[in-house]
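coords please:
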Amino acid sequence: MTSEIKPQIKKIGQHSVLYDASLETELTEDLFNPVMLRKRELLAGQALGRGEAWFINYQGRSWVLRHFRRGGLIGRFVADRYLGWALEGSRSWSEWRLLAELYRRGLPVPRPVAASVRRGCGFYRADLLMERIPDSISLAGLLSKGSQPVMFWENLGACLRRFHDQGVYHADLNANNILINGQSRIYLIDFDRGAICAKGEWTQHNLQRLKRSLLKIKGSSPGFHFEEEDWRCLLHGYETIL
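Here you go, the predicted model:
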């Protein structure tokens with residue numbers, strides 16, 4: 001697979017798929033079906049949350065499959081169906097295209113593999129395949145293990161500033177959507193409903209959303225290592241022009 005992402009569209013069974021044509025493998029319906037993945041012994045694990053995710057080992061590659069699920073009150077009645085018929089603008093295709101653009105810009109995000117849409121009568125279901133970030137842990141998981149040095153928090157702030165300086169809006173910036181790999185590199189994941197837009201007050205709202213997430217976890221987990229000084233270090237890294 002090359003470093004350049006080449007978007008291409010094809011029909012795979014009931015799935016309309018937007019994928020990276022530089023892939024040196026054949027995509028099949030089974031890759032979007034956790035039941036079949038389990039039967040074929042391709043699953044390497046699962047992460048639970050509003051958007052279910054499965055870890056896949058397939059032909060020497062490590063991928064993540066995420067199924068789009070609704071949250072909030074409406075999610076109690078309509079678990080995973082979204083109104084609409086157009087492929088462009090669907091949740092999975094939109095996130096795939098955004099990830100492809102961010103990856104092209106050199107920002108630390110998962111490389112997109114394929115986005116699937118299965119259409120029904122006025123609604124659709126969606127899935128997204130991405131490369132898995134190896135040897136990684138979420139910010140929430142990391143802080144549950146212990147406190148982090150000043151440099152870590154400054155690097156996190158600088159990473160967020162890189163995204164904001166390029167107008168990248170993350171709709172759900174929280175402690176579970178930030179990953180740190182074994183080399184301490186920081187990644188952002190889950191860009192559902194994200195966008196590239198003009199810089200504005202939303203950047204500060206984005207940061208405050210992350211802080212609320214950290215405080216919420218700290219309030220329910222006594223062993224969670226997050227202090228006000230950590231946040232000041234993050235802001236220092238964010239505000240420092242490198």
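
Which secondary structure state does the nearest residue to residue 185 once chain neighbours are set aside sit in?
Leaving aside its sequence neighbours, residue 185 sits nearest to residue 108 (Cβ to Cβ, 6 or more residues apart in numbering; 6.4 Å). C-beta here means a position set from N, CA and C on the backbone, and glycine is covered the same way. Assigned with DSSP: H, G, I helix; E, B strand; the rest coil, residue 108 falls in the coil class.

Do you know the pLDDT at residue 108?
For residue 108, the pLDDT comes out at 98.

okay but it is in contact with residue 184, surely?
No. Counting by Cβ atoms under 8 Å, residue 184 is not a contact partner of residue 108; they are 11.7 Å apart.

between those two, which one's more packed in?
When neighbours are counted by other Cβ atoms under 10 Å, residue 108 and residue 184 differ, and residue 108 comes out ahead with 17 against 11.

from the chain's centre, how far out does the one helix or strand in the chain whose mean pLDDT sits lowest sit?
Counting by mean pLDDT, DSSP states H and E, the weakest-scoring helix or strand in the chain turns out to be strand 43-47, with a mean of 88. Using Cα atoms, centre = their mean, to the nearest Å, the mean C-alpha position of strand 43-47 is found 16 Å from that of the whole chain.

tell me which residues in that strand are buried?
By 16 or more other Cβ atoms under 10 Å, the buried positions in strand 43-47 come out as residue 43.

Show me what that strand is packed against.
Contacts defined by 3 or more Cβ pairs under 8 Å, 6 or more residues apart in numbering; DSSP states H and E place strand 43-47 against helix 34-39, strand 52-58.

Tell me which of those lies nearest to residue 21.
With Cβ to Cβ as the criterion, residue 21 lies closest to strand 52-58 of those, at 17.1 Å.

Show me what the closest one is in contact with.
25, 31, 34, 37, 42-47, 62-67, 69, 129, 132 (Cβ atoms under 8 Å, 6 or more residues apart in numbering).

That strand - which strands sit beside it in the sheet, and in what orientation?
Taking DSSP bridges as the criterion, strand 52-58 pairs within the sheet with strand 43-47 (antiparallel), strand 61-67 (antiparallel).

Listing request: residues of the protein with sub-threshold pLDDT.
Along the chain, the model assigns pLDDT under 70 to residues 1-2, 48-51, 71-78, 241-242.

Please enumerate the helices of this structure.
With DSSP state H as the criterion, the chain has helices at 34-39, 91-104, 139-145, 150-165, 202-220, 228-239.

Is it possible to get TSV of those helices that adds mean neighbour count and distance to residue 194?
Below are these laid out as TSV (neighbours: other Cβ atoms under 10 Å; distance: least, Cβ to Cβ, whole Å):
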stretch	mean neighbour count	distance to residue 194
helix 34-39	14	24
helix 91-104	21	5
helix 139-145	17	18
helix 150-165	18	10
helix 202-220	15	11
helix 228-239	16	19
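
For residue 179, which of those helices is the nearest?
Nearest to residue 179, of all these, is helix 139-145, at 7.5 Å by Cβ to Cβ.

Just checking the distance from that closest one to the centre of its chain.
On the basis of Cα atoms, centre = their mean, helix 139-145 sits 17 Å off its chain's mean C-alpha point.

Does anything pack onto that helix? Which helices or strands?
Using 3+ Cβ pairs under 8 Å, 6+ apart, helix 139-145 is in contact with strand 178-181, helix 202-220.
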